[in-house]
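Return atomic coordinates for the entry below.
(chains A, B, C and D)
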2 protein chains.
Amino acid sequence: MDEAKTGRRDRKKQQTRQALIEAALRLVDERGLEHVTVEDIADAADVSPRTFFNYFASKDEAITGDLFVEDDGTGERLLSAAPGVPVVEAFLNAMAPGLTAMQDDRDVWFLRMRVMEANPSLVMSLIARSSAAENQLVRVVAKRLGLPQAHPYPAVFAAAAGGAVRTAMMRWPSARRPLTDLVDEAFSYLATGLADPQNEQDPADPINERRNEL
Amino acid sequence: MDEAKTGRRDRKKQQTRQALIEAALRLVDERGLEHVTVEDIADAADVSPRTFFNYFASKDEAITGDLFVEDDGTGERLLSAAPGVPVVEAFLNAMAPGLTAMQDDRDVWFLRMRVMEANPSLVMSLIARSSAAENQLVRVVAKRLGLPQAHPYPAVFAAAAGGAVRTAMMRWPSARRPLTDLVDEAFSYLATGLADPQNEQDPADPINERRNEL
DNA sequence: TAAAAGTTTGCAGGCACTGCAAGTTCGACC
DNA sequence: GGTCGAACTTGCAGTGCCTGCAAACTTTTA
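Got it, this is the predicted structure:
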């Protein structure tokens, strides 16, 4: 268990956090976002409403979850990629650990996605929140390429990459494929300069050998 | 004056709307978002606070403004582009009228951008709101290409295109160039598949012949 | 076991936003 | 020109998110 650092305190905190997340997801899934108050969630997790806000800055945050991009080492990994590697490739590599972490947590994420699809304002909330992560990405990409802050490339890159990841996430529950596949696929459209897609190789999609692994 | 349809009523409505927008922008510019209440804005525009919400669904909406993508004919123009034209090109053409409209309104838009830069939560709000426009774009692109709803291309396209437009908008006030230029530039990075940018042709940027037109 | 450090909770309050119903203004049609 | 109906404004009352503060409480450290 590499859960918390040490001691009962952190363990308890982690438990409370989990309880709040689960309560939030379950209740909103059952009743819909606007029929669940923060008080409901807090009650279900058996803490005071005030405590809820010690853990999450907003009701939405408990539901949409932390974007893996935010605090994990994606930025550092991108910066420490070998010098010759193009940014797109370095980014995909840097993201891989985060993606597999999500893959391991897929039950929660699938539920999240379902809840978001059913409550569009949550999608907006997620997008807004991921824009903060994008800002960090802008800085990292600029740094890696030695470009000035005002250069447009990092901003375009971050916006497009963020969008590609987001669409992959959205498709994930219904497409029965690993998240990394979907991300790669999304990036392949970017790689071709968003050229009109080829007619899919074969309407009878021969690659459909049910990938049960996920 | 092609302002309102007819009559004093619509004229008055348009005036009220403008007054609210101007009041909102001015006050938030002066004091910062969190030191301006809806009541302040309504007072400054000389209407009741309740009336404010007859015009805007949220405080943010009065400030961030309507995205031109939303209701104007961009979608229709995209769909009615000549058959052979690639989507990227068709999209840029379809957007042109909206962009020049913004160019004509540039004073307001510059103020908006300044206010947004100073109040990051407004940027998030704008991004969230533009995601609604992106959804429409997804459908339009899918329709134009005859792709099924589940196909990833339209979603990736919309996310990337939306991001490109957004970064162009953000750069607009500081870059002293027409918005269309900035949009084209952003799309040029997408067109190359987000390849690492060339070292800028010349650090002494010879294209800098001050474009005063804007 | 006592002090320190971190967490939870209640309380009071600000503010965004909503539905409703009453009042007001405007346009249309006679 | 007067009247009716539609559209718009307003006040009111209420819900619920979110915040700061200070008092309890719990865990860690010494």
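
domains of chain A?
What automatic domain parsing lists as the domains of chain A is A:8-60, A:65-191.

Output stretch A:42-51 in CSV with nothing but the alpha carbons.
Provided in CSV are the C-alpha atoms of stretch A:42-51 (Å, rounded to 0.1, in the frame of the first residue of the first chain):
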residue,chain,number,x,y,z
ALA,A,42,-21.6,15.5,2.9
ASP,A,43,-24.3,13.6,4.7
ALA,A,44,-23.8,10.5,2.6
ALA,A,45,-20.0,10.7,3.4
ASP,A,46,-20.8,11.4,7.0
VAL,A,47,-19.0,14.6,7.3
SER,A,48,-20.3,18.2,7.8
PRO,A,49,-21.1,20.2,4.7
ARG,A,50,-18.3,22.6,5.7
THR,A,51,-15.8,19.8,5.6
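
For it, buried residues please.
Judged by neighbour count (16 or more other Cβ atoms under 10 Å in any protein chain shown), stretch A:42-51 contains these buried residues: A:42, A:44-45, A:47. Glycine gets a C-beta too; all of them are placed from N, C-alpha and C.

about what we covered before: return the most buried member of the domains of chain A.
Of all the domains of chain A, domain A:65-191 has the most neighbours on average by mean count of other Cβ atoms under 10 Å in any protein chain shown, namely a mean of 18.

which ones are touching residue A:191?
Residues in contact with residue A:191, defined by Cβ atoms under 8 Å, 6 or more residues apart in numbering or on different chains, are A:88, B:193-194.

Recalculate using a threshold of 7 Å.
With contact taken as Cβ atoms under 7 Å, 6 or more residues apart in numbering or on different chains, residue A:191 is in contact with residue B:193.

Between the buried residues of stretch A:42-51, which sits nearest DNA strand D?
DNA strand D has its nearest neighbour among the buried residues of stretch A:42-51 in residue A:42, at 9.2 Å by Cβ to the nearest atom of the strand.

Assign a three-state SS to the closest one, would you?
helix (DSSP: H, G, I helix; E, B strand; the rest coil).

Tell me the spacing between it and chain B.
In this view, residue A:42 and chain B are 24 Å apart by Cβ to the nearest Cβ, to the nearest Å.

Next: residue A:45.
27 Å.

residue ranges with poor pLDDT in chain A?
Counting by pLDDT under 70, chain A has low-confidence residues at A:1-5, A:67-71, A:199-214.

For it, what lies in contact range of DNA strand C?
Where chain A comes near DNA strand C, counting by Cβ under 7 Å from any atom of the strand, the residues are A:9, A:12-13, A:16, A:47-51, A:54.

Farthest-apart pair in those residues, please.
Based on Cβ to Cβ, the longest span within those runs between A:9 and A:49 and measures 21.8 Å.

Check whether residue A:77 really touches residue A:94, as I assumed.
Yes: under the criterion of Cβ atoms under 7 Å, residue A:77 makes contact with residue A:94 at 3.8 Å.

secondary structure element for residue A:76?
Taking DSSP states H and E as the criterion, residue A:76 maps to helix A:74-79.

Centre of the chain to that helix, how far?
16 Å (Cα atoms, centre = their mean, to the nearest Å).

what does that helix rub up against?
Looking at what lies outside helix A:74-79 - Cβ under 7 Å, 6+ apart - the contacts are A:90-91, A:94-95, A:98, A:136, A:140, A:143-144.

Could you export those residues to TSV, including columns for distance to residue A:158?
Listed next are the contacts of helix A:74-79 as TSV, based on distance: Cβ to Cβ, whole Å:
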residue	distance to residue A:158
A:90	13
A:91	9
A:94	13
A:95	13
A:98	16
A:136	9
A:140	9
A:143	12
A:144	12
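
about what we covered before: list just the nearest of the buried residues of stretch A:42-51 to residue B:60.
residue A:42 (26.8 Å).

contacting residues around the closest one?
Contacts of residue A:42 by Cβ under 7 Å, 6+ apart are A:48-49, A:51-52.

how about the strands in chain A?
With DSSP state E as the definition, chain A shows no strands.

and it, which residues reach chain B?
Contacts of chain A with chain B, taken as Cβ under 7 Å from any Cβ of the partner chain, map to A:86-88, A:123-125, A:127-128, A:131, A:145, A:150, A:152-153, A:155-157, A:159-160, A:162-164, A:166-167, A:171, A:174, A:185-186, A:189-197.

again, only using 6 Å
A:86-88, A:124, A:127-128, A:131, A:152-153, A:155-157, A:159-160, A:163-164, A:167, A:185-186, A:189-191, A:193-194, A:196-197 (Cβ under 6 Å from any Cβ of the partner chain).

ok so, going back, just the contacts of helix A:74-79: which are in helices?
A:90-91, A:94-95, A:98, A:136, A:140, A:143-144 (DSSP state H).

Could you pull up the contacting residues of the spatially closest residue to residue A:131 that is not a sequence neighbour?
Once flanking residues are discounted, residue A:131 sits nearest to residue B:127: 5.0 Å by Cβ to Cβ, 6 or more residues apart in numbering or on different chains. Residue B:127 makes contact with A:127-128, A:131 under the criterion Cβ atoms under 6 Å, 6 or more residues apart in numbering or on different chains.

switch the cut-off to 10 Å
Neighbouring residues of residue B:127 by Cβ atoms under 10 Å, 6 or more residues apart in numbering or on different chains: A:124, A:127-131, A:134, A:159, A:162, B:64, B:134, B:162-163, B:166.

Ok, residue A:162 next?
Neighbour list for residue A:162: A:67, A:69, A:127, A:130-131, A:133-134, A:137-138, B:127, B:159-160, B:163 [criterion: Cβ under 10 Å, 6+ apart].

if we go to 7 Å?
Taking Cβ under 7 Å, 6+ apart, one finds A:130, A:134, B:163 in contact with residue A:162.

Check residue A:189 too.
Contacts of residue A:189 by Cβ under 7 Å, 6+ apart are A:197, B:152-153, B:156.

Next up, the contacts around residue A:86.
When contacts are counted by Cβ under 7 Å, 6+ apart, residue A:86 touches B:195-196.
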